[in-house]
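Colleague: Kindly generate the corresponding structure for this input.
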Amino acid sequence: MEQYKDEDDMIVMFTDSYDVIFLADRDEIVDNFRSTGANFLISAENYLWPDQSLDSQYPDIKGKKYLCSGMMMGYASTFWAILNYKEIENTYDDQLFYTHVYLDPEFRTRHKIQLDGTSKIFHNLHGAEREIDFGFGSKRVTNWEQGTRPQVLHGNGPTKISLNRFGNYHPKVFDPTIGNKGKCLICDEKEGTIDIEKTEELPIILTTMFITERTPFLDYFINKTFSQNYPTEKWHVRIYNRVWGHADHIQELVNYHVTNGEKKFASFKLMQPKETISKKLPELYQEGMQACLDLECGFYFVMDSVITLTSDEVLKDLVHWNRSVITTQLTQPGQYWSNFWGDVSKDGFYKRAPDYFNLVKRERQGLWNVAFVNHLVAIRSDVIRDQKVSYINSRYDDSNYDIGFNANARKNNVFLYMVNLKQHGHLKRMENYTSHRTHNDLWQIFTNPQDWKLTYIHPSFDEYLTKTRVEFPQPCPDVYHFPLLSKQFSWHIIHELESIPGDIFAGSGNNNDQRLAGGYENVPTVDVHFTQINFQQEWLKVLRDYVAPIQRRVFEGYSFHGHALLSFVVKYHEKGQRELRPHHDHSTFTTNTALNRQGIDYDGGGSYFIRQNCLVRDVDIGWTLMHPGRLTHYHEGKEITRGTRYILVSFNDP
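Modeller: Residues are numbered from 1 along each chain as shown. Below is the predicted model of the structure:
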């Protein structure tokens, strides 16, 4: 400042550096300063620090009365005079020095020193967050209590998270008044991002999958991760599994994709429970992250098995932003539970941010500086190398390793970002996941309905929701054909039934059937009722959610009542029941779904509609025939000549 000590017209501003946001341009700030009539203006706050004994010496002014030295401005000559008020040691508290300057009445008056008590230019957030409105209508932050529009915002003290939240909107970062979802004003900027369309610019990455608890739809999690669109020569993969019950299944998936498959990653390693179970979770996650440095990767991805990805571009999309720590928004379907928090309590746990619901409901879409991220996190290697992030935090117990990671990042001023411009997936619900069945995921339709659909509903099903009746295939008159269930459902339900100890099909196929209310079956089949395996309610949900919309399109004027007292898997076998005699079904309409392959798993078979003189034989796995049950569609099951045929039949609205 010495070189400017005689500059009476030069205006100098001093602010803290890393926790200040400028909300106006130079001209507006200078004009506002001159309008105060002060030669030197210092920001004000509600708290007296560091010497509370000086309280009585503070003059009363409008607004906040205590000095905060984090922001100040004035004429250079006055600033020089203030700096030379008295000699101090380099270790002396700067705020106490300026406090003594201000509390000297003669010096204060002579040099026209004022505090900005009404936030005309400066606003300190500590103790005054509630005074501030985001100012969306005027597109400026507003101090509603003082009727001013501050031009410089200071996140002093414990208000860094609040400052970051203001920085998500100002200056000219996001305007929620534009369009239905607001407008991110910086999201199209190229500076600082990575061009993901140029393979040569893509960094080396390490993705680490963590399976630390029993996980529904685990195969989908691993398969979708392996299917990400990223050059494998730049992609290292690690899997840390701590669940013994998943070990064999994970090894099978690895054998399919990596050992015997086409995925040739830069490197791959699978750690099973014998290697991981003895390690604490923070240690395990820290080990995974440190491997990034050993591999000289540019980004490290931590991926917990709770996530379900629905896009193959997640890795590239997160790399594109080139942020220190970033996640994409993932939410439990139909819930507000997500993988980010907009604010945290003093203890580092969840605290609702004012705009949390706006973000989690995607009412505002953009790039957000948040307080906490987990489950799917991309970490740039420089913050790992500089030891600014770590999962080791003695303040938190082992189960809160993610709380510790985020606390360490915030402490070291590492920004945590969440982007919600695209739908990349969601979070599963992990509670109450049973393990006593062979394919437990079949029973997850109520807990994780979206994952159930992704896994067990035919991939072409949704296309048929927009077709008209005449556009549906009709292999026979009023017999409609559509894709309902995936091949995986078919394989799983067959394997589930055949894996039950003993022969669950044994004892069926007779007229005397104690499973029925009347104890008698007129046209018996060798079958398993869904009530026997406690799957009836799950199947009713399939009928109501997926079959009913199709029924309304093909049988117009009728609406499924949601009843099906008899839903079952039929087993035709060359050494058992080979055919079924002509009959009507006890239903308003029947669905008949093929579970295995005609011409491969069996020969012959098929449904023959006698009155229509029409045989339907070649039905793909998961495809369903829907036809009237009573009166018009008298039918029989044709004889198989080889193998085993499985079908899933449901008598709907009996």
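Colleague: which residue lies farthest from the center of this structure?
Modeller: Glu106 (60.2 Å; Cα atoms, centre = their mean).
Colleague: Would you mind measuring from that residue to Ser77?
Modeller: With distances taken as Cβ to Cβ, to the nearest Å, Glu106 is found 18 Å from Ser77. In this view, the C-beta of every residue, glycine as well, is placed from N, C-alpha and C.
Colleague: so the residue farthest from the centre of the chain sits in a helix?
Modeller: Yes: according to DSSP: H, G, I helix; E, B strand; the rest coil, Glu106 belongs to a helix.
Colleague: Flag every buried residue along stretch 502-517.
Modeller: For stretch 502-517, burial by neighbour count (16 or more other Cβ atoms under 10 Å) applies to Ile504, Phe505, Ser508, Gly509, Asp513.
Colleague: tell me which element the second one is part of?
Modeller: In the assignment (DSSP states H and E), Phe505 maps to no helix and no strand.
Colleague: That one contacts Gln532, correct?
Modeller: No: the pair formed by Phe505 and Gln532 falls short of the contact definition of Cβ atoms under 8 Å, at 10.1 Å.
Colleague: can you pull the contacts of the residue farthest from the centre of the chain?
Modeller: Applying Cβ atoms under 8 Å, 6 or more residues apart in numbering, one finds that Glu106 lies in contact with no residue.
Colleague: go on, Ile647?
Modeller: For Ile647, the contacting residues are Val569, Val570, Tyr572, Asn592, Thr593, Ala594, Leu595, taking Cβ under 8 Å, 6+ apart as the criterion.
Colleague: could I get those as CSV with neighbour count, distance to Asp618 and pLDDT?
Modeller: As requested, the contacts of Ile647 are exported to CSV (neighbours: other Cβ atoms under 10 Å; distance: Cβ to Cβ, whole Å; pLDDT from 0 to 100):
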residue, neighbour count, distance to Asp618, pLDDT
Val569, 26, 20, 98
Val570, 21, 18, 98
Tyr572, 24, 16, 98
Asn592, 21, 14, 98
Thr593, 25, 14, 98
Ala594, 24, 9, 98
Leu595, 22, 14, 98
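Colleague: what about Arg611, neighbour count?
Modeller: 12 (other Cβ atoms under 10 Å).
Colleague: check contacts around the residue nearest to it when sequence neighbours are not counted.
Modeller: Taking Cβ to Cβ, 6 or more residues apart in numbering as the measure, Arg611 lies nearest to Tyr634, with 5.6 Å between them; neighbours along the chain are not counted. Contacts were defined as Cβ under 8 Å, 6+ apart; by that measure Tyr634 touches Pro582, His583, His584, Phe609, Ile610, Arg611.
Colleague: what number of residues lie near the third one?
Modeller: What it means is His584. Applying other Cβ under 10 Å, we find 16 residues neighbouring His584.
Colleague: tell me the contacts of the residue nearest to it when sequence neighbours are not counted?
Modeller: Of all residues not flanking His584 in the chain, Arg630 sits nearest, at 5.4 Å (Cβ to Cβ, 6+ apart). With contacts taken as Cβ under 8 Å, 6+ apart, Arg630 has the following neighbours: His584, Asp585, His586, Ser587, Thr588.
Colleague: Those in helices, which ones?
Modeller: Among those, the subset assigned to helices under DSSP state H is empty.
Colleague: can you list those in a markdown table and add distance to Cys476?
Modeller: Listed next are those as a markdown table, based on distance: Cβ to Cβ, whole Å:
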| residue | distance to Cys476 |
| --- | --- |
| His584 | 15 |
| Asp585 | 15 |
| His586 | 20 |
| Ser587 | 17 |
| Thr588 | 18 |
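Colleague: Write a ChimeraX command that selects only the buried members of those.
Modeller: A single ChimeraX command is used to select the members of those judged buried by 16+ other Cβ under 10 Å:
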select :584,585,587,588
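Colleague: export the contacts of Arg630 to a markdown table and tack on pLDDT?
Modeller: As requested, these are exported to a markdown table (pLDDT from 0 to 100):
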| residue | pLDDT |
| --- | --- |
| His584 | 97 |
| Asp585 | 97 |
| His586 | 95 |
| Ser587 | 97 |
| Thr588 | 97 |
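Colleague: Val319 against Ala378, yeah?
Modeller: Yes: the pair Val319 and Ala378 qualifies as a contact (Cβ under 8 Å) at a distance of 6.8 Å.
Colleague: Spatially, which two of the contacts of Ile647 are the most separated?
Modeller: The largest separation in these, counting by Cβ to Cβ, is between Tyr572 and Thr593 at 14.3 Å.
Colleague: so where's the stretch 401-550 of the chain uncertain?
Modeller: In the prediction, the stretch 401-550 of the chain carries no residues with pLDDT under 70.
Colleague: Please enumerate the helices of it.
Modeller: For the stretch 401-550 of the chain, helices defined by DSSP state H, counting those that start in this stretch occupy the ranges 401-411, 449-456, 487-499, 536-542, 548-554.
Colleague: Now that we have the ones you listed, can you turn them into CSV and tack on distance to Val344 and mean neighbour count?
Modeller: Formatted as CSV, the helices of the stretch 401-550 of the chain follow (distance: least, Cβ to Cβ, whole Å; neighbours: other Cβ atoms under 10 Å):
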stretch, distance to Val344, mean neighbour count
helix 401-411, 8, 21
helix 449-456, 28, 20
helix 487-499, 40, 18
helix 536-542, 38, 18
helix 548-554, 43, 18
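Colleague: Take these and write them to TSV, including distance to Gln474.
Modeller: Supplementary listing: those in TSV, determined by distance: least, Cβ to Cβ, whole Å:
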stretch	distance to Gln474
helix 401-411	54
helix 449-456	26
helix 487-499	23
helix 536-542	23
helix 548-554	9
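Colleague: Any idea which of those helices gets closest to Val20?
Modeller: Between Val20 and the helices of the stretch 401-550 of the chain, the shortest separation by Cβ to Cβ is 17.6 Å, and it involves helix 401-411.
Colleague: counting contacts, what elements does that closest one pack onto?
Modeller: For helix 401-411, the elements it packs on are helix 281-294, strand 372-373, strand 416-419, judged by 3 or more Cβ pairs under 8 Å, 6 or more residues apart in numbering; DSSP states H and E.
Colleague: Give the partner strands of the longest strand seen in the chain in its sheet and their orientations.
Modeller: Longest strand in the chain by number of residues (criterion: DSSP state E): strand 640-652. With DSSP bridges as the test, strand 640-652 is paired with strand 566-573 (antiparallel), strand 589-594 (antiparallel), strand 602-604 (antiparallel).
Colleague: isn't His236 right up against Thr207?
Modeller: Yes: distance between His236 and Thr207: 7.4 Å, which falls inside the contact criterion (Cβ under 8 Å).
Colleague: who's more crowded, the two?
Modeller: Thr207 (25 against 22).
Colleague: what's the closest non-adjacent residue to the more buried one?
Modeller: Taking Cβ to Cβ, 6+ apart, and ignoring the residues beside it in sequence, Thr207 has Phe301 as its nearest neighbour in space, at 4.2 Å.
Colleague: C-terminal to the strand or helix carrying the one you found, what's the next element?
Modeller: Element membership of Phe301 [criterion: DSSP H and E] is strand 299-304. Using DSSP H and E, the helix or strand that follows strand 299-304 in sequence is strand 307-309.
Colleague: helices and strands around that following strand, which ones?
Modeller: Taking 3+ Cβ pairs under 8 Å, 6+ apart as the contact definition, the neighbouring helices and strands of strand 307-309 are helix 218-226, strand 425-427, helix 449-456.
Colleague: Grab the nearest non-local neighbour of the residue nearest in space to the middle of the chain.
Modeller: Compute the mean C-alpha point of the chain, and by Cα atoms, centre = their mean the closest residue is Leu330, 0.9 Å away. Spatially, and ignoring its direct neighbours in sequence, Leu330 is nearest to Asn339 (4.6 Å; Cβ to Cβ, 6+ apart).
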